[in-house]
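Novice: A structural model of the following input is requested.
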Amino acid sequence: MLRTYSTLISGLKPLIFGYLWLRGKRAPEYRQHWLERTARQSFKLSQRDGILIHCVSVGETVAAQSFIKQIIAAYPQLPITLSSMTPTARALAQKLFGKEVFHVYLPIDTRSAMQRFVSGLQPRHVIILETELWPNFLAELKRRQIPCALVNARLSERSAKGYHKHRWLIGEPWLQLDYIATQDTATTTRVLELGVASDRVVTMGNLKYDFQAPSSTLKAGTVLKQKWQRPIWVAASTHAGEDEQLLEAHKKVLMRHPDALLILVPRHPERFNQVAKLIESSGLRSCRRSTDGSVSAQHHILLGDSMGELILWYATSHAAFIGGSLIERGGHNPLEAIATQTPVISGSHIFNFTEVYQRLDNANAVLWANSKDEIAAAVNQLLADRSAAEQQAHRAATEFSRESGVKDRLTDTIRARLPSPPSTIRTISMIRSLNPTPGQTIWFDETYFSSVSAALFQADYWRERDAIRGAATGRSTAFFVETDKHQLLLRHYYRGGLVGKVNKDRFKREPVEQSRAMAEFSLLLKLRELELPVPNPVAAHFKLAPGWGYRADILVEVIPAAADVFKRLQKDALAADCWQSIGATVKQFHQAGVYHSDLNCHNILVDEQRKVWLVDFDKCGFKSAGEWQQANLQRLLRSLLKEQKKAAEQSTAFHFDEDRDWPQLLAGYES
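Specialist: Here you go, the predicted model:
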């Protein structure tokens, strides 16, 4: 169903990049990070297997600020990546969260780009703010069984009709979501009408109502008020066609309040210089925040040409005009001004926030102004009567005070669906990555080695140190080695079948994180986090081979006092309860959706306490429940029968009886 859509998006790529290039004339940031637009960048190891939060632009980022901070605090062992689509949102995220999160652009929604993006980042959970639904992105998450939650969801009647109308093109992205928390009951009703199961949707409330200005910002605003000692009003998030009217309005304000200061904050950074020229041509004296920002008594205007300081300007001002409302832009969010106890003025074009402004109007908590004269009158009114202005701000704050707690409920819901890993568990973000030479990568756990080199993956290195304690044979030889504190198994990756006769150990080149050793290393970490009985991964090695392909090695911790089922059956029959434990363990993996591609009697170990372990997870992974689970059991049975036949041919012992033992294994599997 998405084939036509994917073809269309791919065809639009040149136009998209052309648009970014043109925007880059005024805002150079649009010409940066282009590799991220098609997901061709390299991902850091410390960025993988965490939580991805997508906030398309500045508004969503601001609204979700407290929620994101709570997610960061709730998952200290996991990397948090924040994606966006605009340079302003990216810059704001970096300012708000710094090194607490990774920052990245969500790529253009082509199938190949989204496959590279999800494969490189490998998030364990995705959280999308509001209604930023990209069909190929959601389809790729669903294919990889990565849970995706849409929070603070808002769906207008017009948008809902659009989703119905264009199902033939974009499919049904709403059905790809695992969980939806809506802003209001109207959105919940529309989502259910789109076919989403009722147990996946809950009306949670609007995060924007839950916004609280940081106490440090409020304090900084108070300091500036006291420092400047003059009437101050802010025009926030303004657009072309509004700035001229606001400058004329300020001239009228100055007639009544000669020492008044206007803080003018354009919505888009690429307009900063253009607005500076407008101010200069108006004859009003100004200074710019980005260059000096030192306001003197002679300045009429402070141009707020900085990122992430709008809340500060609200906190500094005695009145706030919310931009995007004098023109047919639809207005911007007034709740940030309300959170700073600043009275609000707005034009009538507020269709983006109809419900919010309707509530403000009903509470007599907003002044309406649609011309320079009306704006000047409203500002003068608020500056002249501070008591009335404070009452207006109080009415606005009271109107939305009962909406608080949304971020806490959302965080609790996410934590219930994605429990934080135990403190004893190692995650991929804790693993170190090293590139000793070009084309060579080593991943290693510092709890085993403080430093590593490629020599660790050579048998001769351990042999010279008299550290080899044995070997396991199969398709190839794996070596048991002993360090001062640990017993490890060193395994080189070899090719099998007919290919292996002409190509012993080279594999087709692919991204490092998808290579054989690194993929198995990552999978073992995930399985241990799920508390499944598998060996602990210690280190993995990737090295490009001369001319073509790559070679790979892995080090894992040896399971103490354990022997594989094949060796145990060579010595004696297994007790019924042991077969049942084997069946129960296989079922445990299957219930977790773990597909072991080579489930055989050599890869199942039993230790002295009769605990069952599975090993050798090369080319394994997660799958949805299906016929593969029974096929997996049959593969295990075939391996037992094969070894039984070989033992009979060689007149050696192999104590397996299908009629006696296999029913016991199945009983354990079904129990």
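
Novice: find the nearest non-adjacent residue to residue 66, please.
Specialist: Ranked by Cβ to Cβ, 6 or more residues apart in numbering and with sequence neighbours excluded, the top spatial neighbour of residue 66 is residue 407, at 4.9 Å. C-beta coordinates here come from the backbone N, C-alpha and C atoms, glycine included.

Novice: state the pLDDT value of the one you found.
Specialist: Note on residue 407: pLDDT of 91.

Novice: over to residue 1?
Specialist: We have a pLDDT of 69 for residue 1.

Novice: gap between residue 235 and residue 345?
Specialist: When Cβ to Cβ, to the nearest Å is applied, the distance between residue 235 and residue 345 equals 9 Å.

Novice: which residues touch stretch 521-531?
Specialist: Judged by Cβ atoms under 8 Å, 6 or more residues apart in numbering, the contacts made with stretch 521-531 from elsewhere in the structure are 48-49, 122, 421, 425-428, 431, 443, 513, 534-537, 539-540, 554, 556, 592, 594, 617, 620-621.

Novice: then that stretch to PDB, C-alphas only?
Specialist: The C-alpha coordinates for stretch 521-531 follow below in PDB (Å, rounded to 0.1, in the frame of the first residue of the first chain):
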ATOM      1  CA  PHE A 521      27.000  -8.900  21.000                       C
ATOM      2  CA  SER A 522      24.100  -6.500  21.000                       C
ATOM      3  CA  LEU A 523      21.600  -9.400  21.000                       C
ATOM      4  CA  LEU A 524      23.200 -11.100  24.000                       C
ATOM      5  CA  LEU A 525      23.000  -7.800  26.000                       C
ATOM      6  CA  LYS A 526      19.300  -7.600  25.200                       C
ATOM      7  CA  LEU A 527      18.700 -11.200  26.200                       C
ATOM      8  CA  ARG A 528      20.500 -10.800  29.500                       C
ATOM      9  CA  GLU A 529      18.400  -7.700  30.200                       C
ATOM     10  CA  LEU A 530      15.300  -9.900  29.600                       C
ATOM     11  CA  GLU A 531      16.800 -12.300  32.200                       C
END
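
Novice: tell me the mean pLDDT for that stretch?
Specialist: The pLDDT scores in stretch 521-531 average 95.

Novice: could you turn the buried ones of the contacts of stretch 521-531 into a PyMOL selection?
Specialist: To isolate the buried subset of these in PyMOL, counting by 16 or more other Cβ atoms under 10 Å, use the following:
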select buried, resi 48+49+122+421+426+427+428+431+443+513+534+535+536+537+539+540+554+556+594+617+620+621
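
Novice: out of the contacts of stretch 521-531, which sit inside strands?
Specialist: Among the contacts of stretch 521-531, the ones falling in strands (DSSP state E) are 443, 537, 539, 540, 554, 556, 594, 621.

Novice: turn these into JSON lines, including distance to residue 639 and pLDDT.
Specialist: As requested, the ones in strands among the contacts of stretch 521-531 are exported to JSON lines (distance: Cβ to Cβ, whole Å; pLDDT from 0 to 100):
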{"residue": "443", "distance to residue 639": "31", "pLDDT": "97"}
{"residue": "537", "distance to residue 639": "24", "pLDDT": "97"}
{"residue": "539", "distance to residue 639": "29", "pLDDT": "97"}
{"residue": "540", "distance to residue 639": "26", "pLDDT": "97"}
{"residue": "554", "distance to residue 639": "22", "pLDDT": "97"}
{"residue": "556", "distance to residue 639": "21", "pLDDT": "97"}
{"residue": "594", "distance to residue 639": "18", "pLDDT": "96"}
{"residue": "621", "distance to residue 639": "20", "pLDDT": "92"}
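
Novice: which one of these sits closest to residue 670?
Specialist: residue 594 (18.0 Å; Cβ to Cβ).

Novice: if I look at that closest one, how far off is residue 658?
Specialist: As defined by Cβ to Cβ, residue 594 lies at a distance of 25 Å from residue 658.

Novice: out of the ones in strands among the contacts of stretch 521-531, who's nearest residue 56?
Specialist: Nearest to residue 56, judged by Cβ to Cβ, of the ones in strands among the contacts of stretch 521-531 is residue 621 at 30.9 Å.

Novice: my guess is the closest one contacts residue 592, does it?
Specialist: No: applying Cβ atoms under 8 Å as the test, residue 621 and residue 592 come out as separate, 11.5 Å apart.

Novice: related to what we said a few turns ago, higher neighbour count, residue 235 and residue 345?
Specialist: Between residue 235 and residue 345, counting by other Cβ atoms under 10 Å, residue 235 is the more crowded of the two (30 against 26).

Novice: which of the helices or strands spans that one?
Specialist: Per DSSP states H and E: residue 235 is located in strand 232-238.

Novice: any idea of the mean pLDDT for that strand?
Specialist: Model confidence over strand 232-238, given as mean pLDDT, is 97.

Novice: kindly report the same for stretch 26-34.
Specialist: So the average pLDDT for stretch 26-34 ends up being 88.

Novice: that one: how far from the chain's middle?
Specialist: With Cα atoms, centre = their mean, to the nearest Å as the basis, the distance from the averaged C-alpha position of stretch 26-34 to the chain average is 23 Å.

Novice: export it to PDB, keeping only CA atoms.
Specialist: C-alpha atoms of stretch 26-34 as PDB (Å, rounded to 0.1, in the frame of the first residue of the first chain):
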ATOM      1  CA  ARG A  26      18.800  33.300   5.100                       C
ATOM      2  CA  ALA A  27      19.500  30.600   7.700                       C
ATOM      3  CA  PRO A  28      22.700  28.700   7.100                       C
ATOM      4  CA  GLU A  29      21.700  26.000   9.600                       C
ATOM      5  CA  TYR A  30      19.400  24.600   6.900                       C
ATOM      6  CA  ARG A  31      22.500  23.600   4.900                       C
ATOM      7  CA  GLN A  32      24.000  21.700   7.700                       C
ATOM      8  CA  HIS A  33      23.700  18.000   8.700                       C
ATOM      9  CA  TRP A  34      22.400  17.000   5.300                       C
END
